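Chemist: got a predicted model here, sequence first, then my questions.
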Number of protein chains: 2
Amino acid sequence: MASPEAEEPLRRVLAEKQAADPGAAKPEVNAAVETLKALEVEAAVSGGGNGSAEGSRKAFRQAVVNTLERRLFYIPSFKIYRGVAGLYDYGPPGCAVKSNVLAFWRQHFVLEENMLEVDCPCVTPEVVLEASGHVDKFTDLMVKDEKIGTCYRADHLLKDYCKEELEKDLTLSADKAAELKHVLAMLDDFSAKEIGAKIKDYGITAPTTKNTLSDPFPFNLMFQTSIGPSGLLPGYMRPETAQGIFVNFKDLYNYNGRKLPFAAAQIGQAFRNEISPRQGLLRVREFTLAEIEHFVDPEDKSHPKFIDVANLEFLMFPRNEQMTGESAKPVILGEAVSEGIVNNETLGYFIGRVYLFLTCLGINKERLRFRQHLRNEMAHYAADCWDAEIECSYGWIECVGIADRSAYDLRAHSEKSGVPLVAHGKLEPREIEKLVIVPSKKELGLSFKCNQKMVVEALEAMSEKEALEMKDSLESKGEVEFYVRTLGKTVVITKKMVAISIEKKKQHRRVFTPSVIEPSFGIGRIIYCLFEHSFYTRPSKSEDEQLNVFRFPPPVAPIKCTVFPLIKTQEFVDVARNIAKSLTAAGISHIVDTTSTSIGKRYARTDEIGVPFAVTVDSTDSVTIRERDNKEQIRVSIDEVASVVKELADGQSTWSDIMGRFSDHAAAFSPCCCTIQ
Amino acid sequence: MASPEAEEPLRRVLAEKQAADPGAAKPEVNAAVETLKALEVEAAVSGGGNGSAEGSRKAFRQAVVNTLERRLFYIPSFKIYRGVAGLYDYGPPGCAVKSNVLAFWRQHFVLEENMLEVDCPCVTPEVVLEASGHVDKFTDLMVKDEKIGTCYRADHLLKDYCKEELEKDLTLSADKAAELKHVLAMLDDFSAKEIGAKIKDYGITAPTTKNTLSDPFPFNLMFQTSIGPSGLLPGYMRPETAQGIFVNFKDLYNYNGRKLPFAAAQIGQAFRNEISPRQGLLRVREFTLAEIEHFVDPEDKSHPKFIDVANLEFLMFPRNEQMTGESAKPVILGEAVSEGIVNNETLGYFIGRVYLFLTCLGINKERLRFRQHLRNEMAHYAADCWDAEIECSYGWIECVGIADRSAYDLRAHSEKSGVPLVAHGKLEPREIEKLVIVPSKKELGLSFKCNQKMVVEALEAMSEKEALEMKDSLESKGEVEFYVRTLGKTVVITKKMVAISIEKKKQHRRVFTPSVIEPSFGIGRIIYCLFEHSFYTRPSKSEDEQLNVFRFPPPVAPIKCTVFPLIKTQEFVDVARNIAKSLTAAGISHIVDTTSTSIGKRYARTDEIGVPFAVTVDSTDSVTIRERDNKEQIRVSIDEVASVVKELADGQSTWSDIMGRFSDHAAAFSPCCCTIQ
């Protein structure tokens, strides 16, 4: 229904409105923006209103998913107990792909940037997630079937209703259609009350039972638990790994020699208790995140290695293009930064590195775009935010978020914990009027013993207002009660314990809260998109059936090579076993297949899990190695097999390099970007 | 107090009792066994009653832990919020050691044995853990301070009381002392009631408040949560990774071409909500497990590669030696299996592989023993069980369990889920009387549509008794109600739908539940012991201070190499940066230190986190490489640095190999076992 032509006037109206009045009322802009987003998703899924294109997308997805499940790339978890929605296991090939993706992530990000990798627990006490805002705000609105208690996401029900009405009821009045479209557009900004009113108005009932629905109420998406035996310490399974890094900022900054910028990284499980999981591996209740927190001086967001990525050109979808009805277009990254489309060099550097990471893995660069968040999409504190979106059969899917979150997270934890999370910088000396708080360590030590340090820190961390109030009280009353957060109690501070004054001082150093630039990778989503982008079919030799192939780049492939004796003689089987031993010693995953199945079938079986190289033993001193996609073969002596396959599997050499060395046959050029550093 | 001499008579009495009456009353044997175990732990910690030895153990531990915490190997989690007991973060060097240990585990086990690695969620629905027994039995007994609610492990309080009384009260009557020792010995076998009675008898109160304590009650150690929004599907954070493999047995068996033996493996987080965590990294609430489930025909537990480990000789502590008062002694593994001390070849093979794994990591083989479980220590279904125990400052710590669990787990899930988890074997054809159940797929399909398959499977899975009852009912009434577990409901089966008969049949294949041999690795415990075994101090050059060193083998070391310009000239700094680039390209983690600190201090700083190689730039065409432990140096041209360090870091070459190539200096032999396959 939603034709691409419908978008243009809408974008134009929106652009005009913004031009005329940059402060246009939020709801109005929201409405337009959301309509645009809805149209985009629909256009992607439906192929621009072309029903058969949508059908073919679904058929393609079905073919991929069937292969993935049949070959155990993934499995619905706890299947013998009828499973649990939104939980999946990676079976052997999927698990191997995942660990290859993570190994490459470590090489490409952690090693390349000398990041400080940490590993924090999933179980997290409530206080940490209160500070981060998750306890209050990490919610979706839910309604319940009033009779049987089944739960639904309120926005999903309303959205499905509006879409269905618009699709099925061709006699809908223009007014009614406009209203439904408006609702779709406003969905993310509706309050619980507004959604509830719409559900009542439209008479929406529970999908299966047709029972009435409760009013919508917020449901927190964190899995809750209780730490320790008393039941008094509530905890949650972390919804992201980032908080583990923020709370360690002080130690990590010291570890890095008190120098900025530096980045910390973490790979680990995260959890979201989705109300109704959908879309297979894309929206699940437990998933692996890989997150980077790059801490930087807010006054200097340049990046020394930006030059290495400045010439990259790829699809970008800046805010403006989204508002004016254009689509994503190729942009040179250096220009995007110099023109101020991307907020700063460091953000730009990570966008470039993410582009290289994803395309090296095998993501099709034509189906990858970097979409900038619209102003009202971003958190109020964010300076800029870009999503790496990958197109798959479900539409454009957000797989990596790259955000400049300013100083928000460190400030939030400083405030909640009372521990200053700050950095120090040098300054040209200048005279300033400055609040000086000088705690007397000796006096405080006498009174507070081993707690002295925490009292000192709390005194030093006072805001100007707090300090001046304390100064007044000390002068008038001689002592004052003071709450020390890190101790969890109030202490009495006397005049002797602290000197507070306003002085003219030469300032030599700045104390500031660093900004953080956060690239956050949804590993499962990337892997699913990679599965779709790597999948193709081709006719069998006899052309009577279509064979499935995954064209994984060798470093990503779950198994690097197979070893087949051409015929099942003891001699050939022994050679195959010896080759297998040398592959194991070289750290190359492989399969030995000594069944008597035809060689074509054996190839097909392993092409289907994306094994890039097949070694066929047809003599006792040399063997052939066949490449999966172009089916070219080279002849290699038995002693060299392991080292040749290792070179290919590590991405040190491409197939065409190897072809050049081992054969005179003309070889098609097979590009491999995985040697890019 | 517990002198080693005290052990011997006890072991002798025990041995005599067992010899005279192998079926000796369980409590009596238990008591003796537990006394022995208590004595061993005490002997280990106290160094055989020598107070100063215990002191030096504690001092050593303090030195290691101080270094580990100061250099951020690990950090108490959520420290700025005053932490949570039993939760730790791995900081940068600890996280790197952990990922090196896991990479080596994958190479040594998964790749070497072609294991099927899987990756399952931590969130687990209750039904799975009911089947495994964790919901009922994964508990510790707890008591509560009746006034303020603080919780304690009941056995810990009772144990601490008995030990203190025995230690402090030298006037204790012989009877009283014997009673307290008996209690210590029986602790693990006491019921809640018995422990409660003892606590009352002895007047034990809450340690800090001296308030009275509640009766002991079982506290389940799993973190509980709720899956989905309804609150109706209880779940737990998995206490081990093994169940994820068992429930996938059927798919994995098919994936392996329906052949036995095969092994599946999983690395992942596991959770135990300890009542009162103790001993730093050794008893924590969240930890990484690496588990292998090797499925094998119970009638053939031979292993083709056993010969590769049969000649290994290391400390073993069989059941008999524990009972007769001897200590662990070197045993040749092949002999232990052929003499029946180790139950079977496959179990023996894994014991040998675990030995190689741990010693390659850097565990001291003199402080590693394999202790067999005593008969009453093992689960009733286990065929045999050995723990790899590593000695550290806390005593002998169980780090790997290697158990032959027979068919217990697969049977438990078969029964609970109704899905048969079995394997098939060939047989010499023989005539047997056999129950034959032939479901009519056509009739069942007509009645049950898409549920047909589950009904067919449930009918085929009936026990002989169930099938004969159904046969009777069908003959008398024509139909029968039948509960299908996988559907969660009762269906009506009519005569047409299934034929049940007893026939004489030639049997060509066996259907059986495989046995499982399970090596289970506590990664955090292994790493902590590795830290202790790798730590040493040596005097600084000026001999005025002791410097800390971790002697990690290169493949385990968190950072493989440092690069220092000898003096801070632009020329040398540029060379250092170029070397750093080539190291990054080769995948070698490294640190560049261009501070003006003295070279000795820079060495000391990196020795303390176990960096094995230091590259010093003292010219523009060649550099020196220094080895951490023997401090020998070689001179290498700049072009070769990365490849030489890579060879060393991967464990392909030892330092002495390299010394031979690059220098005429006599090199001490530095053994490296990490090239062992």
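Modeler: Received it, and whenever you're ready, just let me know what you need.

Chemist: where in chain A is pLDDT low?
Modeler: Under the criterion pLDDT under 70, the flagged ranges of chain A are A:1-52, A:663-677.

Chemist: determine the longest strand present in it.
Modeler: As assigned by DSSP state E, the longest strand anywhere in chain A is strand A:423-439.

Chemist: what distance separates it from the centre of its chain?
Modeler: The chain centroid and the centroid of strand A:423-439 are separated by 39 Å under C-alpha atoms, centre = their mean, to the nearest Å.

Chemist: how about it: buried residues?
Modeler: By 16 or more other C-beta atoms under 10 Å in any protein chain shown, the buried positions in strand A:423-439 come out as A:423, A:435, A:437, A:439. For glycine as for every other residue, the C-beta is placed from the backbone atoms N, C-alpha and C.

Chemist: OK, contacts around the first one?
Modeler: Taking C-beta atoms under 8 Å, 6 or more residues apart in numbering or on different chains, we find A:Ala423 in contact with A:253, A:258, A:260, A:295, A:297, A:511-514.

Chemist: and after the helix or strand that contains A:Phe314, which helix or strand comes next?
Modeler: Using DSSP states H and E, A:Phe314 falls within strand A:313-317. Heading C-terminal from strand A:313-317, the first helix or strand you meet, by DSSP H and E, is helix A:319-323.

Chemist: export that next one to CSV, keeping only CA atoms.
Modeler: C-alpha atoms of helix A:319-323 as CSV (Å, rounded to 0.1, in the frame of the first residue of the first chain):
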residue,chain,number,x,y,z
ARG,A,319,19.5,13.3,9.0
ASN,A,320,18.9,15.9,6.3
GLU,A,321,18.5,13.4,3.5
GLN,A,322,16.0,11.5,5.7
MET,A,323,14.0,14.7,6.2
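
Chemist: please name every helix or strand in contact with it.
Modeler: helix A:4-20, helix A:26-46, strand A:368-372 (3 or more C-beta pairs under 8 Å, 6 or more residues apart in numbering or on different chains; DSSP states H and E).

Chemist: one more time with 7 Å
Modeler: In this structure, helix A:319-323 packs against helix A:4-20, with contacts taken as 3 or more C-beta pairs under 7 Å, 6 or more residues apart in numbering or on different chains; DSSP states H and E.

Chemist: how about the strand holding A:Phe314: buried residues?
Modeler: So for strand A:313-317, counting by 16+ other C-beta under 10 Å, buried means A:314-317.

Chemist: restricting to C-alpha, output that strand in CSV.
Modeler: What follows is strand A:313-317, C-alpha atoms only, in CSV (Å, rounded to 0.1, in the frame of the first residue of the first chain):
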residue,chain,number,x,y,z
GLU,A,313,33.2,5.9,0.5
PHE,A,314,30.0,4.1,1.4
LEU,A,315,26.3,4.6,1.8
MET,A,316,25.4,7.2,4.4
PHE,A,317,21.9,8.4,5.3
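
Chemist: got the angle for it vs strand A:368-372?
Modeler: 50 degrees (axes from the mean of the first three to the mean of the last three C-alpha atoms, to 10 degrees).

Chemist: name the helices or strands packed onto strand A:313-317?
Modeler: Judged by 3+ C-beta pairs under 7 Å, 6+ apart, strand A:313-317 is in contact with strand A:329-332, strand A:368-372.

Chemist: buried residues, the helix or strand that the shortest one is followed by. List them.
Modeler: Read that as strand A:329-332. Using DSSP H and E, the helix or strand that directly follows strand A:329-332 along the chain is helix A:333-338. By neighbour count on 16+ other C-beta under 10 Å, the buried set for helix A:333-338 is A:333-334, A:336-337.

Chemist: picking up where we left off before, partner strands of the longest strand of chain A, with direction?
Modeler: Take DSSP bridges as the rule and strand A:423-439 pairs in its sheet with strand A:498-512 (antiparallel).

Chemist: list the contacts of the strand it pairs with.
Modeler: A:298, A:422-427, A:429-440, A:459, A:467, A:470-471 (C-beta atoms under 7 Å, 6 or more residues apart in numbering or on different chains).

Chemist: how far off centre is that strand?
Modeler: The answer for strand A:498-512 is 41 Å, by C-alpha atoms, centre = their mean.

Chemist: take the very next helix or strand once past that strand, keep the C-alpha atoms, and write them as CSV.
Modeler: From strand A:498-512 onward toward the C-terminus, using DSSP H and E, the following helix or strand is strand A:515-522. C-alpha atoms of strand A:515-522 as CSV (Å, rounded to 0.1, in the frame of the first residue of the first chain):
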residue,chain,number,x,y,z
SER,A,515,32.9,12.2,26.8
VAL,A,516,32.3,8.7,25.7
ILE,A,517,31.9,7.4,22.1
GLU,A,518,30.2,4.1,22.1
PRO,A,519,30.2,1.6,19.2
SER,A,520,27.9,-1.2,20.3
PHE,A,521,27.6,-4.4,18.2
GLY,A,522,24.7,-6.8,18.3
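
Chemist: show me what strand A:515-522 is packed against.
Modeler: If you count contacts as 3+ C-beta pairs under 7 Å, 6+ apart, strand A:515-522 packs onto strand A:286-296, helix A:345-361, strand A:395-404.

Chemist: re earlier: which one among the contacts of A:Ala423 gets closest to chain B?
Modeler: Closest approach to chain B among the contacts of A:Ala423 (C-beta to the nearest C-beta): A:Tyr253, at 11.2 Å.

Chemist: mind listing what that closest one touches?
Modeler: So A:Tyr253 contacts A:Ala423 (C-beta under 7 Å, 6+ apart).

Chemist: I'd assumed it was in a helix, is it?
Modeler: Yes - according to DSSP: H, G, I helix; E, B strand; the rest coil, A:Tyr253 belongs to a helix.

Chemist: state the helix or strand in which A:Asn311 lies.
Modeler: With DSSP H and E as criterion, A:Asn311 is part of no helix or strand.

Chemist: right, and it touches A:Gly334 too?
Modeler: Yes - using C-beta atoms under 7 Å, A:Asn311 is in contact with A:Gly334, at 6.3 Å.

Chemist: tell me the contacts of the residue nearest the centre of chain A?
Modeler: Most central in chain A under C-alpha atoms, centre = their mean is A:Phe521, positioned 2.5 Å from the mean C-alpha point. A:Phe521 makes contact with A:289-290, A:400, according to C-beta under 7 Å, 6+ apart.

Chemist: over to A:His590?
Modeler: A:His590 touches A:559-563, A:580, A:583, counting by C-beta under 7 Å, 6+ apart.

Chemist: what helix or strand is A:Glu475 located in?
Modeler: helix A:464-477.

Chemist: check which residues of that helix are buried.
Modeler: A:467, A:470-471, A:473-474.

Chemist: all set, thanks.
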